[in-house]
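S.K.: sequence plus the predicted model coming up.
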Amino acid sequence: MDKHFDVIIIGAGPGGIYSAYELMKLRPDLSIAVFEAGNPLDKRHCPIDGDKVKTCIGCPTCSIMSGFGGAGAFSDGKYNITNDFGGTLYEHIGRANATKLMEYVDEINMTHGGEGTRLYSTSGSDFKKRCIQNHLKLLDASVRHLGTDKNYVVLENLYREMKDHISFFFRTPVEHISLVDGGFRVDFEGGSATCAKCVVSVGRSGSKWMQQVSEELNIPTKSDRVDLGVRVELPAVVFEDITKELYEGKIVYRTQKFEDNVRTFCMNPRGAVVNENTNGIITVNGHSYEDPALQTENTNFALLVSKHFSEPFKNSNEYGESIARLSNMLGGGVIVQRFGDLERGRRSNEKRIEEGTVRPTLKATPGDLSLVLPKRILDGIIEMIHALDRIAPGTANDDTLLYGVEVKFYNMEVDVDENLETEYPGLYVIGDGSGVTHSLSHASASGIYVARRIAM
Ligand SMILES: Cc1cc2nc3c(=O)[nH]c(=O)nc-3n(C[C@H](O)[C@H](O)[C@H](O)COP(=O)(O)OP(=O)(O)OC[C@H]3O[C@@H](n4cnc5c(N)ncnc54)[C@H](O)[C@@H]3O)c2cc1C
């Protein structure tokens, strides 16, 4: 192929999808192409079936992270409408604008299969007071919970609406971007295409590639943050007061020992803990379904500590990867430990986990997280579990399960301006791949924002 398009979008995650959708609506006259490394939605299948294939076999393109829908396709579909977390889009486009765009994304979701899902809100919640009384802070947000099933339906509907107007190229990872007269050229195996405007939205799975492109084009970047911790799994009833009212409580705790902030992240009421593969390293994550038939008896959420590095260390993700690799080395993948075993300084084993009252939703290797996580991080997590126990009694039970490690890699931040445009006019970097966003709603909103700039 050697073709010219008005706009090329690289990556069909939420950033790329909403950008393509909005452009199609605003400028039907433009020729738009989307290049995606992974498969179309209906061809995305992770081979882990819990029976023949129990653990990750390292497929060339991970179906969980790549393909139409991006990393969000099988996610819990929690769209947090807030500037308090999920990214720093507001720093580029202003708080009011960012909120409006996230609300607009919600409208699109509601008209494409998400109607009837609940919008939770922290405003007016009594829970805020209980948190403050126990040295915890509840962050403000409205949360639309689509659930993994409805999230999938929304993606199916968006694709159906776009596929006859936009050229989608699946299983086509872009290798290089270069500057040409009047725009850009993208190269991929067996060909290239040119465009006047190029929107790069490659997410977390494209982080290494984004780094390479930034180096090739001399676009400044910085990478100084990684979040490390564990995924907590406990009986759903323990957190039901919180999850029934808020669905997801984003709670922050400041540790007494080190004055570090530990926070809850990605809460999945009646959900399941899952493996996540980032560049071949197995970490842990979680999701849940809106459909009661697919729900479990447990709730899971991450407890994370942010590490910010300063000179001379420049690669925070490598630090996170090294720790995740250590857990992979000891456990062959994700390690699981009972909270009681962790506090007693002993590793968990199959027998103790089986005898416990919490039935694990992920097959992980029983082990000892204190051999993996740095003491300061582990101490912070233990402190926060006890603080949470005061607002949700039962959190610090011996049988509470901790899976490790959960790593939240932050893509390096690419230098973009208030239009999310690089120093090369017409070259935009959006979504998680830009380092500006870290969530479905922010990534999607950044896509809409750039589409509107291009459509002007
Ligand atoms: C298991 C899981 C659960 C999650 N749950 C939630 C949640 O409930 N709420 C929330 O807000 N966030 C959640 N997230 C995070 C959320 O999915 C991401 O923030 C969001 O998907 C980012 O969107 P994006 O478009 O920027 O990137 P991505 O979704 O990562 O999409 C990028 C796409 O670009 C493609 N790509 C990469 N490199 C190239 C290349 N060189 N050429 C062509 N294509 C390329 C990838 O294959 C991918 O499909 C979850 C993530 C995971 C993994």
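M.R.: Right, received. Where do you want to start?

S.K.: what's the spacing between the closest residue to the ligand within the stretch 301-450 of the chain and Asp398?
M.R.: Distance from the ligand to each residue of the stretch 301-450 of the chain (Cβ to the nearest ligand atom) is smallest for Gly431, at 2.4 Å. Just so you know, the C-beta spots here come from the backbone N, C-alpha and C atoms, and that holds for glycine as well. According to Cβ to Cβ, to the nearest Å, Gly431 and Asp398 sit 41 Å apart.

S.K.: report the contact partners of the closest residue to Gly394 other than its chain neighbours.
M.R.: Using Cβ to Cβ, 6 or more residues apart in numbering and skipping the chain neighbours, the partner closest in space to Gly394 is Val238 (3.9 Å). By Cβ atoms under 8 Å, 6 or more residues apart in numbering, the contact list for Val238 reads 299, 392-395, 397.

S.K.: one more pass at 7 Å, please.
M.R.: 392, 394-395 (Cβ atoms under 7 Å, 6 or more residues apart in numbering).

S.K.: filter these to the buried ones?
M.R.: 392, 395 (16 or more other Cβ atoms under 10 Å).

S.K.: out of the contacts of Val238, which are close to the ligand?
M.R.: Among the contacts of Val238, not one lies near the ligand by Cβ under 6 Å from any ligand atom.

S.K.: can I get the contacts of Val238 in TSV with secondary structure and distance to Asn218?
M.R.: As requested, these are exported to TSV (DSSP: H, G, I helix; E, B strand; the rest coil; distance: Cβ to Cβ, whole Å):
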residue	secondary structure	distance to Asn218
Ala392	coil	50
Gly394	coil	54
Thr395	coil	49
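
S.K.: can you put the contacts of Val238 in TSV and add pLDDT and distance to Lys250?
M.R.: As requested, those are exported to TSV (pLDDT from 0 to 100; distance: Cβ to Cβ, whole Å):
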residue	pLDDT	distance to Lys250
Ala392	95	14
Gly394	97	20
Thr395	98	16
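
S.K.: which regions of this protein lie under the pLDDT threshold?
M.R.: Where the chain drops to pLDDT under 70, the residues are 1-2, 50, 311-314.

S.K.: please name the residues that touch the closest residue to Gly332 other than its chain neighbours.
M.R.: Excluding its sequence neighbours, the residue lying closest to Gly332 (Cβ to Cβ, 6+ apart) is Thr365, at 5.7 Å. Thr365 makes contact with 331-333, 335-336, according to Cβ under 7 Å, 6+ apart.

S.K.: one step back: from the ligand, how far out is the residue nearest to Gly394?
M.R.: 21 Å (Cβ to the nearest ligand atom, to the nearest Å).

S.K.: and that residue, how close does it get to Ile385?
M.R.: 11 Å.

S.K.: need the overlap of contacts for the two.
M.R.: Residues touching both Val238 and Ile385 by Cβ under 7 Å, 6+ apart: Thr395.

S.K.: on that earlier part again, my guess is the residue of the stretch 301-450 of the chain closest to the ligand meets Thr437, correct?
M.R.: Yes - judged on Cβ atoms under 7 Å, Gly431 makes contact with Thr437 at a distance of 5.6 Å.

S.K.: of those two, give the one with the bigger neighbour count.
M.R.: Neighbours were counted for Gly431 and for Thr437 using other Cβ atoms under 10 Å; Gly431 has more, 40 against 28.

S.K.: quick check, Val414 in contact with Lys222.
M.R.: No - at 8.9 Å, Val414 does not count as touching Lys222 under the criterion of Cβ under 7 Å.

S.K.: out of those two, which sits in the busier spot?
M.R.: Neighbours per residue (other Cβ under 10 Å) separate Val414 from Lys222, with Val414 holding more: 22 against 12.

S.K.: please name the bridge partners of the more buried one.
M.R.: Thr221 (DSSP bridges).

S.K.: tell me the contacts of it?
M.R.: Contacts of Val414 by Cβ under 7 Å, 6+ apart are 210, 214, 219, 221, 422, 429, 434-435.

S.K.: can you tell me which residues in the stretch 51-200 of the chain are near the ligand?
M.R.: Counting by Cβ under 6 Å from any ligand atom, the residues of the stretch 51-200 of the chain near the ligand are 66-67, 70-72, 75-78, 80, 86, 173-174.

S.K.: narrow the residues you listed to those that are buried.
M.R.: By 16+ other Cβ under 10 Å, these give 66-67, 70-72, 75-78, 80, 86, 173-174 as buried.

S.K.: dump these to CSV, plus secondary structure.
M.R.: Listed next are those as CSV, based on DSSP: H, G, I helix; E, B strand; the rest coil:
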residue, secondary structure
Ser66, coil
Gly67, coil
Gly70, helix
Ala71, helix
Gly72, helix
Ser75, coil
Asp76, coil
Gly77, coil
Lys78, strand
Asn80, strand
Gly86, coil
Pro173, coil
Val174, strand
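
S.K.: picking up where we left off before, joint contacts of Gly431 and Thr437?
M.R.: Contact criterion Cβ under 7 Å, 6+ apart; residues shared by Gly431 and Thr437: 443, 446.

S.K.: could you list which of the contacts of Val414 belong to strands?
M.R.: Applying DSSP state E to those, the entries found in strands are 221, 429.

S.K.: can you redo the contacts of Val414 as a markdown table with neighbour count?
M.R.: Putting these into a markdown table (neighbours: other Cβ atoms under 10 Å) gives the following:
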| residue | neighbour count |
| --- | --- |
| Met210 | 26 |
| Ser214 | 18 |
| Ile219 | 17 |
| Thr221 | 18 |
| Thr422 | 23 |
| Val429 | 30 |
| Ser434 | 29 |
| Gly435 | 23 |
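
S.K.: identify the farthest-apart pair in the contacts of Val414.
M.R.: Based on Cβ to Cβ, the longest span within the contacts of Val414 runs between Thr422 and Gly435 and measures 12.5 Å.

S.K.: ok, the residue of the chain most remote from its centre to Thr194 distance?
M.R.: Using Cα atoms, centre = their mean, the residue of the chain lying farthest from its centre is Asp181. It sits 36.2 Å away. As judged by Cβ to Cβ, Asp181 and Thr194 stand 9 Å apart.

S.K.: one more: Met210?
M.R.: When Met210 is compared with Thr194 (using Cβ to Cβ), they lie 20 Å apart.

S.K.: ditto for Ile219
M.R.: Distance from Ile219 to Thr194, by Cβ to Cβ: 19 Å.
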